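**Student:** No sequence on hand, only this structure:
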């Protein structure tokens, strides 16, 4: 019995942790976004070769570092795996609320941050997760943008876009007000408070599941229990009639017990009744036996 309960608890723990891991992974994906693009770069950010290449800025809006190694960039929705961002390089890890630049110059031989397509070939860009199927983010941007004018989100947390002066590896809106999350991070820079909150949520879920299974188990257990007809009973016997002697009393008790054990009595919860026979000497007496359970 104890082994079965242990297996049940382990199963519940595995289930909860799996659900929690899936939720965390889904949350991480939504926190990676295309933040800004520059297609006509003449004096903006230069790559490691000193070239003014078109670039793509990706932002991590989460409050812990995320790795985009293994993700895909494409300018063709029908070819989601067009450019694979290599894994195993620490430079693909985007710090908390930070940015990374990938050059869309079509020269992938120049390094992992250079795509195999040119950003100017189309006016579409998409980011897919490591499975090559889950679309993380996509944007259709204006064609023919002016020199050094980028197309960017108003801020990293916004779904609205604007054209303006390029701000590579920096906030798009200089007058941007801090979000609630950013303020929380300032109060809890090491994430200790967030860890406590997350752990508390998990344990509360486990406690609720335990209580649920405990209550439901007791309900099913009670429903399957059969009443024991041989359970201890307290007998209260009353007789109505005149001139009753001990033999008649003993006879009434014996018959009542016999009927009770063989379930031949009138179907009542606590009362056993001996019916009178008009042709018998019992007709002058009225014997009723009460059996009450403890």
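**Tutor:** Alright, I've got the coordinates. Since the model is a prediction, treat every value here as computed from it, not as a measurement.

**Student:** Only C-alpha atoms from now on, for both contacts and neighbour counts.
**Tutor:** Fine.

**Student:** quick one, longest helix in the chain?
**Tutor:** The residue-count maximum for a helix in the chain (DSSP state H) belongs to helix 192-224.

**Student:** What helices and strands are in contact with it?
**Tutor:** helix 2-30 (3 or more CA pairs under 8 Å, 6 or more residues apart in numbering; DSSP states H and E).

**Student:** any weak-confidence spans in this protein?
**Tutor:** Low-confidence regions of the chain, defined by pLDDT under 70, span residues 1-28, 174-186, 189-191, 221-249, 259-294.

**Student:** just the helices in it please.
**Tutor:** 2-30, 180-187, 192-224, 246-261.

**Student:** Could you list the buried residues of the third one?
**Tutor:** Which is helix 192-224. For helix 192-224, burial by neighbour count (16 or more other CA atoms under 10 Å) applies to 206, 209.

**Student:** Domain ranges for this protein, per the record?
**Tutor:** Here the domain parsing of the chain from automatic domain parsing is 24-186, 233-293.

**Student:** from what I can see residue 34 touches residue 59, true?
**Tutor:** Yes - counting by CA atoms under 8 Å, residue 59 is a contact partner of residue 34 at 6.4 Å.

**Student:** Can you get me the start-to-end distance on stretch 32-49?
**Tutor:** This stretch, stretch 32-49, spans 27 Å end to end (CA to CA, to the nearest Å).

**Student:** With stretch 57-67 instead?
**Tutor:** Terminal residues of stretch 57-67 lie 15 Å apart, using CA to CA.

**Student:** So which residues make contact with it?
**Tutor:** Contact with stretch 57-67 is made by 28, 31-37, 92-102, 156-157, 168-169, 185, as judged by CA atoms under 8 Å, 6 or more residues apart in numbering.

**Student:** Emit the ChimeraX select command for whichever of those residues are buried.
**Tutor:** With 16+ other CA under 10 Å as the criterion, this ChimeraX line picks the buried residues out of the contacts of stretch 57-67:
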select :28,31,32,33,34,35,36,37,92,93,94,95,97,98,99,100,101,102,156,168,169,185
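
**Student:** Mark which of the contacts of stretch 57-67 are part of strands, please.
**Tutor:** Judged by DSSP state E, strands contain the following of those: 32-37, 93-94, 99-102.

**Student:** As a markdown table, the residues you listed with distance to residue 257 would be great.
**Tutor:** Compiled in a markdown table, the ones in strands among the contacts of stretch 57-67 are given as follows (distance: CA to CA, whole Å):
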| residue | distance to residue 257 |
| --- | --- |
| 32 | 80 |
| 33 | 83 |
| 34 | 86 |
| 35 | 88 |
| 36 | 92 |
| 37 | 94 |
| 93 | 84 |
| 94 | 84 |
| 99 | 88 |
| 100 | 90 |
| 101 | 93 |
| 102 | 93 |
